[in-house]
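A.B. asks: Based on what follows, work out the 3D shape:
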Amino acid sequence: MSAPIVSAPRLTRDLAQWRDPGHRPRPAFRALAERISVLAQDGRLPVGVALPGERDLAAALQVSRTTVAAAYALLRERGYLDSRQGARSTVALPGTALGTAVGSRFGPMGEAQSGVVDLSYAAPAALPAVGEAYREAVALLPEHLAGHGLGVVGLPRLRQAVAARYTARGVPTRPEQILVTHGAQQAMTLVIGLLTAPGDRVLVEHPTYPHTIEAITAAGGRVAPVALTTEDGSAGWDLDGIRAAVRQLSPSLAYLLVDHHNPTGLALDEAGRRAIMALGRSARMTVVVDESLTELALDAPLAPPMAAFGPVISIGSASKPLWGGLRIGWIRADEATIVRLATVRAPRDLGAPPLEQLVTALLLAEIDDLAEQRRAQLRVRRAALVEALAERLPEWRWVTGSGGLSLWTQMPLPVSSRLAAVAGGSGVAVTAGPRFGINGAFEHWLRLPYVHEPERLRQAVSGLADAYATVTAGAATGLREPSVMV
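C.D. replies: Residues are numbered from 1 along each chain as shown. Next comes the predicted model:
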């Protein structure tokens, strides 16, 4: 079977301002190769897709065919293209055979090796209590070993614990309203896949979590972005813009991150939550709320959950406050929706591992104390990151969110993709800002997670400062190794 081909017009659109006008000129073939490599690493050019022919891309970009040929040759040399005689070149990642391994700077699971501070993910290391919970859960496991160990909806003990947490937050919930998943990402994919028909529009914030865009596209939906405002004093949700989008586009679904939004860290106030829920009811638009970062309020308590203001589908996760390796998430909805979700899930997998579910249930029993431990840790790390940025990159600005795991950081110049391409050479891995948007938006922006120890964050900022000086001087020459996104 031949590989799917990305068209020259589509690739041209995604390449956006690949020449970086306003900077000292670089060879055009190198600038083109760098930009294509970033698209591959960020998933906008999936591994295995075929690039357009040299002549077609040259015509679309209005450059010589020699320029495109040289760019493709450099990409092959660096491991970003896989070529076979008689077939089109297909996208790969460095050090891979058709993308089945990862590059030399990253280990077998995509984790940065020693010497590289990986800011491409926003997930902290496990709290000490996680290890203790595993030991306790192993002791509890024998009572489950006599059964088959499968369960599409989740262990009763964990469903009860999640329901109790919602109830404690002011939203009475029964265990039957909970579906346990492999992390929030599977929960998101299940919900969007169930509720999005081909051609449906799905309203999202812009920027947003990258995998949300991918899930909508995979379901055949069309993304309807509404910009978040990010200026100090007016940062947040544009309710007038949301109303206009609903009126003009009639989205069937809204997928929102109102609790310490990823990547900005912003939180929607109570009035905004009431307004969006009222809009959803009047427009017959299903509202889905990703609450993965709910427990990470660093500056002020959150407003009540969206579910307190009307019917909503809520998604939660143990990964962000506790440990990403748990891979346990959940969906809260009405019982009929839970049954539908379980039905569509069953052909794909038969439930999360019992051990991790037991661990999560044990941890949720003490989530108030554990979340405060995590918040105290993150406040120190965020302060260290802010201090380092102010010292090494004083011309940069960032959104002051009220919680979460990252700073949404603005650079004076639109060089995010180029910075991501060369930062690995300075000892730091980052993901380009356009990964959080559509159509090449956010070249001025980077998400900078503060999940590392303060000294590692200072090291990362030093590397970013060096890389930024390089790209703004027009001297960028390297291609980065692949990074992961969480």
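
A.B. asks: Next, the buried residues of stretch 434-447.
C.D. replies: Within stretch 434-447, the residues that qualify as buried are 434-438, 440-447, counting by 16 or more other Cβ atoms under 10 Å. The way it works is simple: take the backbone N, C-alpha and C, and place the C-beta from them, glycine included.

A.B. asks: can I get the residues you listed in TSV with pLDDT?
C.D. replies: Formatted as TSV, the buried residues of stretch 434-447 follow (pLDDT from 0 to 100):
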residue	pLDDT
434	90
435	91
436	94
437	89
438	85
440	76
441	82
442	89
443	88
444	91
445	95
446	96
447	97
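
A.B. asks: Give me the subset of these lying in helices.
C.D. replies: The members of these all map outside helices under DSSP state H.

A.B. asks: Out of those residues, which comes closest to residue 358?
C.D. replies: residue 447 (32.9 Å; Cβ to Cβ).

A.B. asks: And stretch 384-401, end to end?
C.D. replies: 15 Å (Cα to Cα, to the nearest Å).

A.B. asks: okay, now the domains of this structure?
C.D. replies: The record's domain parsing of the chain by automatic domain parsing lists 8-91, 117-122+369-472, 144-365.

A.B. asks: Now render those as CSV, adding distance to residue 136.
C.D. replies: Formatted as CSV, the domains of the chain follow (distance: least, Cβ to Cβ, whole Å):
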stretch, distance to residue 136
domain 8-91, 38
domain 117-122+369-472, 14
domain 144-365, 6
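
A.B. asks: Of all pairs in the buried residues of stretch 434-447, which one is the farthest apart?
C.D. replies: Spatial extent of the buried residues of stretch 434-447 (Cβ to Cβ) is set by the pair 438 and 446 at 17.3 Å.

A.B. asks: What distance do you get for the residue of the chain most remote from its centre to residue 159?
C.D. replies: Distance to the chain centre peaks in the chain at residue 146, reaching 38.4 Å (criterion: Cα atoms, centre = their mean). For residue 146, the distance to residue 159 (Cβ to Cβ, to the nearest Å) stands at 20 Å.

A.B. asks: Same check on residue 321?
C.D. replies: Taking Cβ to Cβ, one finds residue 321 at 19 Å from residue 159.

A.B. asks: again with residue 429
C.D. replies: Using Cβ to Cβ, residue 429 is found at 37 Å from residue 159.

A.B. asks: distance of residue 291 from residue 331?
C.D. replies: 10 Å.

A.B. asks: Between those two, point out the one with more neighbours.
C.D. replies: residue 331 (28 against 25; other Cβ atoms under 10 Å).

A.B. asks: Quick check: what element follows the helix or strand encompassing that one along the chain?
C.D. replies: Assessed by DSSP states H and E, residue 331 sits inside strand 329-332. Downstream of strand 329-332, the next assigned helix or strand under DSSP H and E is helix 335-345.

A.B. asks: Verify the stated contact: residue 424 with residue 117.
C.D. replies: No: contact between residue 424 and residue 117 fails when scored by Cβ atoms under 8 Å: they sit 10.3 Å apart.

A.B. asks: so residue 179 sits in a strand?
C.D. replies: Yes: looking at residue 179 with DSSP: H, G, I helix; E, B strand; the rest coil, it is inside a strand.

A.B. asks: Identify, by residue count, the longest helix of this structure.
C.D. replies: Max-length helix for the chain by DSSP H is helix 367-392.

A.B. asks: Packing partners of it?
C.D. replies: Under the contact definition 3 or more Cβ pairs under 8 Å, 6 or more residues apart in numbering; DSSP states H and E, helix 367-392 sits against strand 406-410, helix 454-472.

A.B. asks: quick one: contacts for the residue lying closest to residue 418 once chain neighbours are set aside?
C.D. replies: For residue 418, ignoring the flanking residues on the chain, the nearest one in space by Cβ to Cβ, 6 or more residues apart in numbering is residue 471 at 4.5 Å. By Cβ atoms under 8 Å, 6 or more residues apart in numbering, the residues touching residue 471 are 23, 415, 418-419, 422.

A.B. asks: 7 Å - rerun?
C.D. replies: Residues counted as contacts of residue 471 (Cβ atoms under 7 Å, 6 or more residues apart in numbering) are 415, 418-419, 422.

A.B. asks: repeat for residue 75
C.D. replies: Listed by Cβ under 7 Å, 6+ apart, the contact set of residue 75 reads 33, 36-37, 81.

A.B. asks: CSV for those residues, including secondary structure?
C.D. replies: As requested, the contacts of residue 75 are exported to CSV (three-state DSSP):
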residue, secondary structure
33, helix
36, helix
37, helix
81, strand
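
A.B. asks: now that we have these, which one has the most neighbours?
C.D. replies: In terms of neighbours by other Cβ under 10 Å, the contacts of residue 75 top out with residue 37 at 29 neighbours.

A.B. asks: I'd assumed residue 80 was in contact with that residue.
C.D. replies: Yes: the pair residue 37 / residue 80 is scored as a contact, 5.0 Å apart, by Cβ atoms under 7 Å.

A.B. asks: Any stretches of the stretch 1-150 of the chain with poor pLDDT?
C.D. replies: By pLDDT under 70, the low-scoring segments of the stretch 1-150 of the chain are 1-4, 20-25, 41-44, 46, 85-87, 93-114.
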